[in-house]
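S.K.: Here is my input, please return the structure:
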Amino acid sequence: MDDCIFCKIVKGEIPCYKVYEDDNFLGFLDIRPLTKGNSLLISKKHYRWVYGVPNFGDYWEVAKKVALSTIKTLGAERVTFLTLGMEVPHAHIRIIPRYKNDKQSVVPDLDIVEKIKKEEMQKIAGEIKKEII
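M.R.: Got it, this is the predicted structure:
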């Protein structure tokens, strides 16, 4: 889809802080992170909804890999997965690390974001990517 921001990221037209990439999926840090290390996992092909991705099980296995790497590298207590699908019309799984004193409630609030400098984002992305098996 030509006007889809996530499709433009897949094509390399818009830069991102990659945490994961294979033939089917791309993971990158959210530029409006709800918590430190919040990433998005998208299908490289354009599908509107997460449940529309043909290899749905593989999609969630990759999300699990990214989540476990995030927990390990950033010391998060756990991860929340969120798949609202209303913010960008392209299938995406939000992988949100949760910390003891983060600013989020039990259900994450998309309007509460953290400001993280570019250098820190690059460092976080590199650490998560390095630990994924």
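S.K.: Which residue is the nearest non-sequential neighbour of Phe25?
M.R.: In space, and not counting its chain neighbours, Phe25 is closest to Val62: 5.1 Å by Cβ to Cβ, 6 or more residues apart in numbering. Every C-beta, even on glycine, is put in place using the N, C-alpha and C of the backbone.
S.K.: Wait, a strand at that neighbour?
M.R.: No. With DSSP: H, G, I helix; E, B strand; the rest coil as the criterion, Val62 is helix rather than part of a strand.
S.K.: can you pull out the helices in this protein?
M.R.: Ranges of helices within the chain are 5-10, 56-74, 118-131, based on DSSP state H.
S.K.: Need the residue closest to the centroid of this protein.
M.R.: Here the mean C-alpha position of the chain is nearest to the C-alpha of Leu40 (Cα atoms, centre = their mean), at a distance of 1.8 Å.
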